[in-house]
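**Q** Got a predicted structure plus its sequence, pasted below:
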Amino acid sequence: MREAQILVVTALGDVTADLVVEELYGRGVPVVRLDPSADFSRIAEMSARIERGAFAGAVTTSTRQLDLSRVRSVYWRRPTPFTVPQEAETSQQRFAIEQSSHGYLGVLRALPGAWYVNHPARNRDAENKVLQLATAARTGFTLPDTLVTDVPGDAVQFAAEHEAVVYKPVHRVHLAGADGRNRTVWVRTVGAHELDDSIALCPHLFQACVPKVADIRLAMVGSAAFASRIDIVGEHLDWRQDQSLISCSPISVPGPVRDAANSFLHAFGLRFGAFDFALDADGRWWFLECNPNGQWAFVDEATTHAITQALADTLQKGDIT
């Protein structure tokens with residue numbers, strides 16, 4: 001009988017996934033890598049059946065065949081989005097894109113008995129910032145005072161009550177600039193004098209600014225915790241804006257933080273999460289957010305290697321309970 005396979009769903013050039021795939025290949029574990037919007041109808045084809053209560057079928061590429069009933073585990077990373085239909089597209093093209101998105105991804109999300117890291121439906125739920133902040137507070141993390149509002153007066157009052165306040169989008173969004181390149185809205189400090197009636201247009205997220213001495217990226221693989229301290233050259237609130245300025249080093253994880261992270265993952269049904277914290281001068285870890293599908297290949301070499309090993313282990317074992 002053929003050994004059960006591991007499916008990796010991601011785009012070409014995903015360095016984070018590359019490390020895990022390379023580790024699995026080195027162990028001799030059979031891996032099939034797919035980027036559905038790029039591969040299907042070009043180099044891959046799929047046929048799935050549900051008959052007499054059983055799910056079966058295959059995905060076939062030029063070099064491999066994936067038995068859909070025997071996928072041990074799925075590493076769902078960051079596949080290329082299916083093209084959003086444009087006004088100029090024909091109704092037939094619009095139909096094909098919508099059917100491709102829901103058909104191909106629908107099958108890959110429904111593999112019986114597969115161990116997902118993470119299932120995309122769980123990722124989607126956990127990406128909601130308001131829900132994750134409420135869950136983080138309930139599971140024992142320390143959080144900065146937070147306000148989500150579309151009431152200008154409430155925003156002004158919140159800013160006046162705190163020494164420093166930061167603004168964050170409720171949901172991270174990429175906006176096309178005049179040059180066609182994507183732009184994003186970074187975390188930044190705001191003063192009460194900047195808050196006007198435009199706040200009434202949509203919800204805004206404000207938090208008390210933590211007087212941090214460093215940032216921390218914590219990767220949880222199941223109950224295993226791997227953390228890196230992130231130091232940055234100069235005064236920069238959001239280290240993600242220029243990663244050439246950061247340096248990373250391993251840091252031990254306090255027991256209460258580990259316990260809260262485990263409870264958080266359990267609440268969302270996640271098997272992996274990348275948590276961001278602000279570290280203050282007293283050594284307190286302030287929860288900022290959790291990306292259920294976050295990057296980790298940029299941290300220090302020792303921690304990157306440990307995370308790679310842990311993810312390969314859990315994908316190789318699958319659900320053995």
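**A** Structure's in. What do you need? On a predicted model such as this, the values are computed, not experimentally measured, just so you know.

**Q** quick one: low-confidence ranges for the stretch 51-200 of the chain?
**A** Within the stretch 51-200 of the chain, the ranges that satisfy pLDDT under 70 run 84-88, 174-184.

**Q** Could you rerun that using 90?
**A** Counting by pLDDT under 90, the ranges of the stretch 51-200 of the chain that qualify are 52-54, 61-64, 81-97, 113, 163, 168-169, 171-194.

**Q** can you give me the strands for it?
**A** Applying DSSP state E, counting those that start in this stretch to the stretch 51-200 of the chain gives strands spanning 54-61, 65-67, 71-76, 115-117, 146-149, 165-168, 174-176, 182-184, 188-190.

**Q** now the third one, how far from the chain's geometric center?
**A** Here the centre of strand 71-76 is set off from its chain's centre by 16 Å, with CA atoms, centre = their mean, to the nearest Å.

**Q** Run through who's touching that strand.
**A** 4-10, 17, 20, 108, 111, 113-120, 123, 293, 311, 314-316, 318-319 (CB atoms under 8 Å, 6 or more residues apart in numbering). In short, each C-beta sits where N, CA and C put it, glycine included.

**Q** Now list the buried members of those.
**A** Neighbour-count burial (16 or more other CB atoms under 10 Å) is assigned, among these, to 4-10, 17, 20, 108, 111, 114-120, 123, 293, 311, 314-316, 318.

**Q** burial count for Glu98?
**A** The number of residues packed around Glu98, counting by other CB atoms under 10 Å, is 12.

**Q** ok, back up a step: tabulate the strands of the stretch 51-200 of the chain (a markdown table), appending distance to Leu270.
**A** Listed next are the strands of the stretch 51-200 of the chain as a markdown table, based on distance: least, CB to CB, whole Å:
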| stretch | distance to Leu270 |
| --- | --- |
| strand 54-61 | 24 |
| strand 65-67 | 24 |
| strand 71-76 | 11 |
| strand 115-117 | 9 |
| strand 146-149 | 21 |
| strand 165-168 | 21 |
| strand 174-176 | 24 |
| strand 182-184 | 24 |
| strand 188-190 | 29 |
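
**Q** for these, which one sits closest to Val29?
**A** strand 71-76 (8.8 Å; CB to CB).

**Q** Report the strands that pair with that closest one, each with its relative direction.
**A** Strands adjacent to strand 71-76 in the sheet, as given by DSSP bridges, are strand 5-9 (parallel), strand 115-117 (parallel).

**Q** can I see the domain layout of this protein?
**A** 5-117, 124-129+211-317, 145-208 (automatic domain parsing).

**Q** With respect to burial, which of the ones you listed scores highest?
**A** Of all those, domain 124-129+211-317 carries the top mean neighbour count, a mean of 18, counting by mean count of other CB atoms under 10 Å.
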